[in-house]
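K.L.:
Starting from these lines, generate the structure:
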Amino acid sequence: MALVELEEVSCDLTTSRVRTRALDGVTLSIKDGDFLSIVGPSGAGKSTLLDVIGLLRRPTAGRIRAFGEDVKHHSYSRLAKLRRENVGFVFQSFLLLPDLSAVQNVELALKIGGKDRGREARQLSIEVLGRLGLSSRADHFPQQLSGGQQQRVAIARALVTSPKLLIADEPTGNLDPESAADILKILCELANSGVSICLVSHDAKVAATARRRFRMDQGRLSVLDSEKL
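P.N.:
Reported below is the predicted structural model:
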């Protein structure tokens, strides 16, 4: 079953002086259980594509069907609801709140999603942190954690709502090689357990961990053969 389908999607980014075509006729289908990666140079349109897939940005043209619904005419509130119920995000810069502990950062995702049930929410957050090897760090604050540990907290936050699709935008970009390898191992394990993952990276070695591989260049998406990695 396709979770997200893009058909001839284009997206223009406009300032007061310049209009840039960030996506140019992109067609892509992300199926349940997929693990795909997208590589390309800076400015190729990778992050814009993730924004569209994650229902954060409306395209200029084309058709999008997401989680069983044609979203072309959806209101922003309806798109937000679909996003909360179906998509988890992991970013390069972690985006953890510094005044909240690891478990509180994870719990926050449940509160935003309307799934906060007090002690039950805390227990679920601790369980997800435990899956990522952070049981002993649940009450630590971000500044007390290494970069790799912070990224694992961010992954836990994305997973705690049981999303159908995990979107990872340069998840190893701010990490040392050892921590990056640890995060890639976690993503592979999640993919093998059935979590659908869409990964963006400028690093071809990172992208090579995915089952399906694509390249963005000047807003266009193409299939990337494994021998070119």
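
K.L.:
got any ranges where this protein has weak pLDDT?
P.N.:
115-118, 225-229 (pLDDT under 70).

K.L.:
Could you pull out the strands in it for me?
P.N.:
2-14, 19-31, 35-39, 61-66, 69-70, 87-91, 165-169, 196-200, 212-217, 220-223 (DSSP state E).

K.L.:
Can you tell me which of those is packed in deepest?
P.N.:
Of the strands of the chain, the one with the most neighbours on average (mean count of other Cβ atoms under 10 Å) is strand 196-200, at a mean of 25. Where C-beta positions appear, they are placed from N, C-alpha and C, glycine not excepted.

K.L.:
The residue nearest to S47 when sequence neighbours are not counted bridge partners, please.
P.N.:
Closest residue in space to S47, ignoring its immediate chain neighbours: D169 at 6.2 Å, by Cβ to Cβ, 6 or more residues apart in numbering. Assessed by DSSP bridges, D169 has beta-bridge partners F91, V200.

K.L.:
Ok, S37 next?
P.N.:
When assigned by DSSP bridges, S37 has beta-bridge partners L199, R213.

K.L.:
ok, now which ones touch the residue nearest the centre of the chain?
P.N.:
Computing the C-alpha centroid of the chain and ranking residues by Cα atoms, centre = their mean puts I167 first, at 1.5 Å. By Cβ atoms under 8 Å, 6 or more residues apart in numbering, I167 lies in contact with 50, 53-54, 87-90, 197-198.

K.L.:
For it, give its distance to V90.
P.N.:
7 Å (Cβ to Cβ, to the nearest Å).

K.L.:
can you check V52 too?
P.N.:
Counting by Cβ to Cβ - V52 and V90 are separated by 17 Å.

K.L.:
The longest helix along the chain: which residues count as buried?
P.N.:
Counting by DSSP state H, the longest helix found in the chain is helix 177-192. Residues of helix 177-192 classed as buried by neighbour count (16 or more other Cβ atoms under 10 Å): 179-180, 182-184, 186-187, 190-191.

K.L.:
Repeat that for stretch 125-133.
P.N.:
Buried residues in stretch 125-133, counted by 16+ other Cβ under 10 Å: 125-126, 128-129, 131-132.

K.L.:
so who does the nearest residue to G148 once chain neighbours are set aside touch?
P.N.:
Among residues not flanking G148 along the chain, S179 sits closest, at 3.0 Å (Cβ to Cβ, 6+ apart). By Cβ under 8 Å, 6+ apart, the contact list for S179 reads 146-148, 151, 172.
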